[in-house]
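**Student:** Structure for this input, please:
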Amino acid sequence: MVTESADLECRDLVRRFGDAAAVDHISLNIPAGQFFSILGPSGCGKTTLLRMLAGFEKPDSGDIHIRGERMNDVPPNRRPVNMVFQHLALFPTMTVGENIAYGLQRQRVPPAERRSRINSVLEQVGLPGLADRNPQQLSGGQRQRVALARCLVLKPTLLLLDEPLGALDLKLREHMKVELKHLQKSFGTTFVYITHDQSEALVMSDQVAVMRQGRFDQVASPEELYHSPATPFVASFVGDNNRLPGRVTGLTDGIAEVTLEDGQKVRGRAVGPGISAGTSVDLFVRPESMVIDLQSDQDNGRQMSRLTARVTTTLFDGANSRLETSAGNQTLYIRMPQDGRLAAHTTGVSLDVCWDPERAPVFARTAP
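**Tutor:** Presented below is the predicted three-dimensional model:
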């Protein structure tokens, strides 16, 4: 039974190219008005999935429903879907207004209504009065908003975005992340956004699917992905993380004691099945979860995990400054608060590094 409240529902989608499954039994459900991102490395299948939603690729099996209607055999121009590409694909010989009007003309919208809808959408995207400009006269961010306006003026159920910020410089990309989030809320259109940039997905999205080798490892809110990764891949791919390999030597109330390769014992939260005494595991702890030189191993009544490390490098980067340290053969990065303490930790100094075990997931190690 198809969920009627969903703008998009996919069931067990498969798309193969020869013997390789680019999309391997994907199912998802996206409610109306959600900003949904698909995050993954190059080659994981996210573009193939987006092209199936748009109608440019046909699934080998499985179903696509948009607002309850099956789309498998519906051609791209008949789907309530529009797509923004990385390179925008604006017509260079047309004005901004003519670019936005193109789809309306194909839908045979009367001229008076076209003009009204063009002016309205330009107002909504913050470009009032620019209908007569040529796209080449606009900044990169303005062209980005014209591309969005050209799609949104058609009032699609879904707007698909294929890494649309990839061609922008870093500062403009940071600005457009916020702009896109505001525009999506303003229009209320369901966005399906694909990216390999974790920051884009975390900043803009209501829900994020982390994709690997044609499948979803985890679908969750940005906060849950970051703080409660479900797999080692999600832990390593989403945000910065330190990985400590070791072997479980104790397990109490879901907290695993892990003996590292240099003999030090640390603790973290056991995640998933297959973790018991003797299991080879990886413990992940984020640089900002680590603190230095706690006088007690108690913090708010919770026993902290602790290890000794040696400073190898100080990395000053403003608010993102870090210490690079070593513990045995492992390199650990520690995020430093901007309180002037970075200079106190000079190369070669040994220090105690502590963290809350609940904030350090432990996964059974799997074969690569």
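**Student:** Just give me how far stretch 131-151 sits from the chain centre.
**Tutor:** On the basis of C-alpha atoms, centre = their mean, to the nearest Å, stretch 131-151 is displaced by 26 Å from the centre of the chain it belongs to.
**Student:** for it, how far is the first residue from the last?
**Tutor:** Start-to-end span of stretch 131-151 (C-alpha to C-alpha, to the nearest Å) is 15 Å.
**Student:** ok, and what's touching it?
**Tutor:** By C-beta atoms under 8 Å, 6 or more residues apart in numbering, the residues outside stretch 131-151 that reach it are 82-85, 88-92, 94-97, 99-100, 102-103, 118-119, 121-122, 124-127, 130, 159, 164-165, 167-169, 172, 175-176, 179-180, 183. Heads up, the C-betas are built off the backbone N, CA and C, glycines and all.
**Student:** Just the buried residues from these, in PyMOL please.
**Tutor:** The PyMOL selection below is limited to those of the contacts of stretch 131-151 classed as buried (16 or more other C-beta atoms under 10 Å):
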select buried, resi 82+83+84+88+90+95+96+97+99+100+102+103+118+121+122+124+125+127+130+159+164+165+168+172+176+179+180+183
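**Student:** so where do the strands sit in the stretch 101-250 of the chain?
**Tutor:** Using DSSP state E, counting those that start in this stretch, the strands found in the stretch 101-250 of the chain span residues 158-162, 190-195, 207-212, 215-220, 242-252.
**Student:** Make CSV from these and add mean pLDDT to it.
**Tutor:** What follows is the strands of the stretch 101-250 of the chain, written out as CSV (pLDDT from 0 to 100):
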stretch, mean pLDDT
strand 158-162, 94
strand 190-195, 96
strand 207-212, 97
strand 215-220, 97
strand 242-252, 95
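**Student:** Adding distance to residue 71, write those strands out as JSON lines.
**Tutor:** Formatted as JSON lines, these follow (distance: least, C-beta to C-beta, whole Å):
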{"stretch": "strand 158-162", "distance to residue 71": "10"}
{"stretch": "strand 190-195", "distance to residue 71": "13"}
{"stretch": "strand 207-212", "distance to residue 71": "19"}
{"stretch": "strand 215-220", "distance to residue 71": "20"}
{"stretch": "strand 242-252", "distance to residue 71": "41"}
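**Student:** Quick check, residue 156 in contact with residue 77.
**Tutor:** No. Residue 156 is beyond contact range of residue 77, at 12.0 Å (criterion: C-beta atoms under 8 Å).
**Student:** more crowded one of the two?
**Tutor:** Between residue 156 and residue 77, counting by other C-beta atoms under 10 Å, residue 156 is the more crowded of the two (20 against 9).
**Student:** Chain neighbours aside, what residue packs nearest to the more buried one?
**Tutor:** The spatially closest residue to residue 156, leaving aside those adjacent along the chain, is residue 82, at 4.3 Å (C-beta to C-beta, 6 or more residues apart in numbering).
**Student:** Please identify the helix or strand for the one you found.
**Tutor:** Using DSSP states H and E, residue 82 sits within strand 81-84.
**Student:** and for that strand, what are the contacting residues?
**Tutor:** 50, 53-55, 66, 103, 147-148, 151-152, 154, 156-162, 164.
**Student:** Relative to that strand, what are the paired strands and their orientations?
**Tutor:** Next to strand 81-84 in the sheet, as set by DSSP bridges, lie strand 158-162 (parallel).
**Student:** Just want the angle from the partner strand to strand 190-195.
**Tutor:** Calculated by axes from the mean of the first three to the mean of the last three C-alpha atoms, to 10 degrees, strand 158-162 forms an angle of 10 degrees with strand 190-195.
**Student:** domain ranges for the protein?
**Tutor:** 6-233, 240-364 (automatic domain parsing).
**Student:** which helices and strands does the lengthiest helix in the chain pack with?
**Tutor:** Scanning the chain for the helix with the most residues, using DSSP state H, yields helix 170-187. With contacts defined as 3 or more C-beta pairs under 8 Å, 6 or more residues apart in numbering; DSSP states H and E, the packing partners of helix 170-187 are helix 111-124, helix 140-152, strand 190-195, helix 198-204.
**Student:** Can I get those in TSV including distance to residue 6?
**Tutor:** Shown next, in TSV, are the helices and strands packed on helix 170-187 (distance: least, C-beta to C-beta, whole Å):
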stretch	distance to residue 6
helix 111-124	25
helix 140-152	20
strand 190-195	9
helix 198-204	20
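**Student:** Highest mean neighbour count out of the ones you listed?
**Tutor:** Counting by mean count of other C-beta atoms under 10 Å, strand 190-195 has the highest mean neighbour count of those, with a mean of 25.
**Student:** what does that one contact?
**Tutor:** 7-8, 30-39, 46-47, 49-50, 53, 157-166, 180, 184, 200-201, 204-205.
**Student:** And stretch 30-41, by the same measure?
**Tutor:** 5-9, 28, 46, 49-50, 181, 184, 188-198, 200-201, 204-212, 237-238.
**Student:** change it to 7 Å
**Tutor:** Outside stretch 30-41, the residues that touch it by C-beta atoms under 7 Å, 6 or more residues apart in numbering are 5-8, 46, 49, 181, 184, 188, 190-196, 198, 201, 204-212.
**Student:** for stretch 327-334, same thing?
**Tutor:** For stretch 327-334, the surrounding residues in contact (C-beta under 7 Å, 6+ apart) are 240, 242, 244, 260-262, 264, 287, 290, 292, 307-309, 322-325, 353.
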